[in-house]
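**Q** The amino acid sequence is not available; the structure is as follows:
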C-alpha cells in the first residue's frame, strides 16, 4: 500500500489519464511525485528510461503514457501506434523490474477486446476473437503490455497489475476534430456549429452503436484504489456498467452545448464496434464504484473545453 511520502512516478502525466491521476494523488495527500515531460524524458529512448529508473528508483509506477486517438488516427497511423506503444511499454515495464519497483499499474483499453464480444464484456473474453480492424495495431500493442506484466509477475515475482478502462472523457481531453475520440469531437463540432449559427451538424455513422463512458476523475480514483487494494495478474475492467447509444450521446452533447439545429447522421462513415459495455462486477466486488453520472460529466467536460479556449 502506498504511503503519503512514497516515491510515485506517473508516466504520461500531461495526458488525459496521467494528469487526472496526478490531481487525484495530490488531492489525497501523496507528496512525493516524480513527473517528467517528454522533453525531460523520452520514453521511446531505451537508454534514457534505463538511466531515469536507475537514478530515481520510484517505488510505484502508474503507466499512463501512450499514443492514443480515434478511428481516423488509428486507421491513418497504425505503424506509429504500434511502434510508440510497444516501445514505451517495453522500456518502462522492463526497467521497473530492473529497479525493483514495488508495484506498477498498466493502463490498457477496452477497445482491445474482440470486435464481436458477448455483452457485457468480461475480462476473460480478451483474445477470444477477432479485433476491430480500425484499431488493430493499437489493440495488439496494448495486449502485449498486459501479457508482459503478467509474464514478469510469473517469471520474476513482480507486482505489475493491468486495468482495462472503458471510453474516457473529461478535462485535458483532446478536442481536435481529426484525432479525438467520439465525445470531445461531438462537443467541439456542436460548439463550432452554435458559434457559426449553423442549421445542422453532420455526425459520423448511424448513431446505433452503444458505448460506455467514464469521467476521467473516476478512472483516476479507481486506479489509486486498485494500486492500494489489488494484487493479481488478472486484468480488471474499469467502467460504469452502464452504456448508451451514440445517438443518445449526441443528444446529450447537443443539450449541453445549447445547439438548436438538427443532427444529420452520415451512414457512409464507419461505426466501429457495434457495442462496448464492460462487466465491472470484479471491480464492484473489490469495493469501488463510479460517482459521476454521464450528463454531469459532459457538462464539466464542456465547461473545461470553453475555459481552455478562453471562450
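**A** Great, that's in hand. Only a predicted model underlies this, so the values are computations on that prediction, with no experimental measurement involved.
**Q** Helices along the stretch 1-150 of the chain, start to end?
**A** With helices called from DSSP state H, counting those that start in this stretch, the stretch 1-150 of the chain shows them at 16-27, 46-56, 71-76, 78-98, 136-156.
**Q** The shortest one: how far from the chain's middle?
**A** The gap between the average C-alpha position of helix 71-76 and the chain average comes to 16 Å, counting by Cα atoms, centre = their mean, to the nearest Å.
**Q** among the helices of the stretch 1-150 of the chain, which is nearest residue 184?
**A** helix 16-27 (9.3 Å; Cβ to Cβ). (Glycine included, C-beta is placed from N, CA and C.)
**Q** And the closest one, what does it pack against?
**A** If you count contacts as 3 or more Cβ pairs under 8 Å, 6 or more residues apart in numbering; DSSP states H and E, helix 16-27 packs onto strand 8-11, strand 33-34, helix 216-229.
**Q** how does it look with 7 Å?
**A** Judged by 3 or more Cβ pairs under 7 Å, 6 or more residues apart in numbering; DSSP states H and E, helix 16-27 is in contact with strand 8-11, helix 216-229.
**Q** Mind putting the helices of the stretch 1-150 of the chain into JSON lines with distance to residue 289, mean pLDDT and mean neighbour count?
**A** Shown next, in JSON lines, are these (distance: least, Cβ to Cβ, whole Å; pLDDT from 0 to 100; neighbours: other Cβ atoms under 10 Å):
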{"stretch": "helix 16-27", "distance to residue 289": "16", "mean pLDDT": "97", "mean neighbour count": "20"}
{"stretch": "helix 46-56", "distance to residue 289": "34", "mean pLDDT": "98", "mean neighbour count": "15"}
{"stretch": "helix 71-76", "distance to residue 289": "30", "mean pLDDT": "80", "mean neighbour count": "18"}
{"stretch": "helix 78-98", "distance to residue 289": "29", "mean pLDDT": "97", "mean neighbour count": "19"}
{"stretch": "helix 136-156", "distance to residue 289": "23", "mean pLDDT": "97", "mean neighbour count": "19"}
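**Q** rewinding a little: any chance of the helices and strands packed on helix 16-27 in CSV, with mean pLDDT too?
**A** Output for the helices and strands packed on helix 16-27, formatted as CSV (pLDDT from 0 to 100):
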stretch, mean pLDDT
strand 8-11, 98
helix 216-229, 98
